[in-house]
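Trainee: Structure for the following, please:
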Amino acid sequence: MADAHWTILTPILAVSALLSATSLPRAVAQEVAHDIAAPPVRLDTVGYLPTAPKRATIAVPCARCRVVRVDDGRTVLEGDVTGPVLNDDTGEQLFTADFSALKEPGTYRLVITGTDSTAPIESAPFRVAADLYRQPYYLVTRAMYLWRCGTAVRGEHDGHVYEHAACHLDDGYLDFVGQPGERKPGVGGWHDAGDYNKYVVNAGVTVGCLFRAWEDFRPQLEPIELDIPESAGPLPDLLAELKWELDWLVTMQADDGAVYHKLSAPDYSGYIRPEAESDKRYFGEWGGQATASFVAMTALAARHFRPYDPAYADRCFAAAGKSYDFLQAHPEYHRPGQHGFTTVGYDSSDWSARLWAAAELWETTGDAAALADFESRCNSPRPAQRRDRQNQPERQSRRTRSQAEFEANWDWGNVANLGLITYLRSERPGRNEELARRIRDSLVTTADEIVATRDAHGYARPLGNRYYWGCNGGVARQVVLLYAAHRVAPKPAYRDAALDALHHLFGRNVFGRSFVTGLGDSPPLFPHDRRSAADAVDAPWPGYLVGGPHPRASDWHDAQNDYHTNEIAINWNGALIYTLAAQLDDAPWSDAANR
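Mentor: Next up, the predicted model:
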């Protein structure tokens, strides 16, 4: 709600402006942190939608704030700030400026007065525009194309050219799955993160979020071209990009329906271009979580590709059925052996992936056995959860939880939320309505908890004081739940909290910086990304969300070697793509609910 003390001073004419993308020279010593002093005024440096709330966090004592136009310096809005309030996880006394009354498109700054400084303090510039998130959506989604393995890629951004030649054309060998010296085709897919390996489990949550975006926001997404080789072809561009990953995923299926856990070199490479990595790459042993995630992904593909390419949909459907049959014959969790690899394990129990697999197969086929499988699992307690050291949210509640309960903080190790949403949104007959009611109630409770956490945080961070490896992806991923909750129990606070997730990632945080390369003010310049490190270009490859601070709110460094906080990864981008897709227009919630 806008502060009652704010008054509009003058009409504003619309202005056009490019997103602010800091263009600092790359340092020679990339191994050290290239941190900068946090600005006192911390806001979304990409901007705000005209009809949405607009707030900034201020980390110095102040009394008033005004909004000025960048083009002529004219003050258009002014008012008091509120605070201070102690923000527990950063230890700061924080003030809040609410300038929600600003609705006219344009480019602005906040100017803070009444401080200890003799001069007013200015914020970074920001835009107000109805199409504000279209360019970020394009850049972040096109970054998936630039992650492609097994082909040459090329892109341009902010005057720079990013490209590499075809890479990893020898994928891959079967030595670790009992066939020494034998090779099986495995070319394609996306590089997983700042390294060049490929993992089925992390593909699962990524592909799941992207298909969820397609299902929720298809009218906005279908016409958008991403300038990829398949543009203007028979598939919408987002589906074409998903197909690149799915074409690789089907190569990970063994003859009996089991799915290999990963395709990886034994060790991580140095900071070299992808085409320069010549180490042999090997299929890892099959795993229960990989196989179940594969079923869910290919069942989703069968459903969503059918209007455009029925033959491809049939191929995906057959692959899903084969692996689902394998899972039914192997009900116990099979942990993939990873002896011989030092690359990331992505190892977790498979209960959530099996739940998701059953939901997607039922939604695609109407199969009664898959429905019974899903509902039986929902009525069972969760098994003990295995945790991988890397890329997992912090430990969950110790209480026994049902598999039908939502988790606010989720990632590749717990994809049950995706299956629960599919079941809840389904229009197929035969669903257990009492179970659907329980799932709905859990979803609404979880969304309300996210909103309450946002309300209590000085930077309106929906994830509150949880900081772990890849927590920025966790911030974005909560938006999937907020939008799902709105569809069953409409509430404007859900959309506001979803926008606050974006605001946090684009600069309303303790660093006052964007966490996405090439977007917003002072974005990361030295992500843990081998392509960026090996390039001669003076800016990193654009459109990538870095992992974010942990174990404390202040523990993030813009350093190439700091893979704990500054790496990039497909699951974080996949979550951000969903979050941006949700905001591609400035429609009110009454319209958004039916899109």
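
Trainee: residues near the closest residue to Pro336 other than its chain neighbours, how many?
Mentor: The shortest distance from Pro336 to any residue other than its chain neighbours is 3.4 Å, reached at Gly287 (C-beta to C-beta, 6 or more residues apart in numbering). In short, each C-beta sits where N, CA and C put it, glycine included. For Gly287, the tally of surrounding residues (other C-beta atoms under 10 Å) stands at 29.

Trainee: Contact partners for Gly287?
Mentor: The neighbourhood of Gly287, defined by C-beta atoms under 8 Å, 6 or more residues apart in numbering, consists of Val200, Val201, Val259, Tyr260, His261, His334, Arg335, Pro336, Asp347, Asp350.

Trainee: now the strands: where do they sit in the stretch 201-350 of the chain?
Mentor: With DSSP state E, counting those that start in this stretch as the criterion, the stretch 201-350 of the chain has strands at 262-264, 282-283.

Trainee: Make TSV out of the ones you listed and add mean neighbour count, mean pLDDT and distance to Asp131.
Mentor: Listed next are the strands of the stretch 201-350 of the chain as TSV, based on neighbours: other C-beta atoms under 10 Å; pLDDT from 0 to 100; distance: least, C-beta to C-beta, whole Å:
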stretch	mean neighbour count	mean pLDDT	distance to Asp131
strand 262-264	28	98	39
strand 282-283	24	98	44
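
Trainee: right, and those - which one's nearest Glu182?
Mentor: Proximity to Glu182 (C-beta to C-beta) singles out strand 282-283 among the strands of the stretch 201-350 of the chain, at 9.8 Å.

Trainee: Now do the closest one: which elements does it pack against?
Mentor: Using 3 or more C-beta pairs under 8 Å, 6 or more residues apart in numbering; DSSP states H and E as the contact criterion, the secondary-structure elements in contact with strand 282-283 are strand 262-264.

Trainee: picking up where we left off before, of the contacts of Gly287, which one scores lowest on pLDDT?
Mentor: Among these, Asp347 has the lowest pLDDT, at 92.

Trainee: For burial, what's the neighbour tally of that residue?
Mentor: The local packing of Asp347 (other C-beta under 10 Å) involves 19 other residues.

Trainee: same question, the one 10 residues further on
Mentor: Ala357: 31 surrounding residues under other C-beta under 10 Å.

Trainee: Identify each buried residue in the helix or strand hosting it, please.
Mentor: Ala357 is part of helix 351-365, with elements assigned from DSSP states H and E. Neighbour-count burial for helix 351-365, counted by 16 or more other C-beta atoms under 10 Å, picks out 351-365.

Trainee: Determine the set of other helices and strands touching that helix.
Mentor: Using 3+ C-beta pairs under 8 Å, 6+ apart as the contact criterion, the elements in contact with helix 351-365 are helix 200-221, helix 288-305, helix 310-329, helix 368-378, helix 416-425.

Trainee: export it as PDB, just CAs?
Mentor: These are the backbone C-alpha positions of helix 351-365, laid out as PDB (Å, rounded to 0.1, in the frame of the first residue of the first chain):
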ATOM      1  CA  TRP A 351      10.200 -40.600  -3.700                       C
ATOM      2  CA  SER A 352       9.300 -37.100  -4.900                       C
ATOM      3  CA  ALA A 353      10.400 -37.900  -8.500                       C
ATOM      4  CA  ARG A 354       8.200 -41.000  -8.500                       C
ATOM      5  CA  LEU A 355       5.300 -39.000  -7.300                       C
ATOM      6  CA  TRP A 356       5.800 -36.400 -10.000                       C
ATOM      7  CA  ALA A 357       6.200 -39.200 -12.600                       C
ATOM      8  CA  ALA A 358       2.900 -40.800 -11.700                       C
ATOM      9  CA  ALA A 359       1.100 -37.400 -11.800                       C
ATOM     10  CA  GLU A 360       2.400 -36.400 -15.300                       C
ATOM     11  CA  LEU A 361       1.800 -39.900 -16.800                       C
ATOM     12  CA  TRP A 362      -1.800 -39.800 -15.500                       C
ATOM     13  CA  GLU A 363      -2.400 -36.300 -16.800                       C
ATOM     14  CA  THR A 364      -1.000 -37.200 -20.200                       C
ATOM     15  CA  THR A 365      -2.700 -40.600 -20.600                       C
END
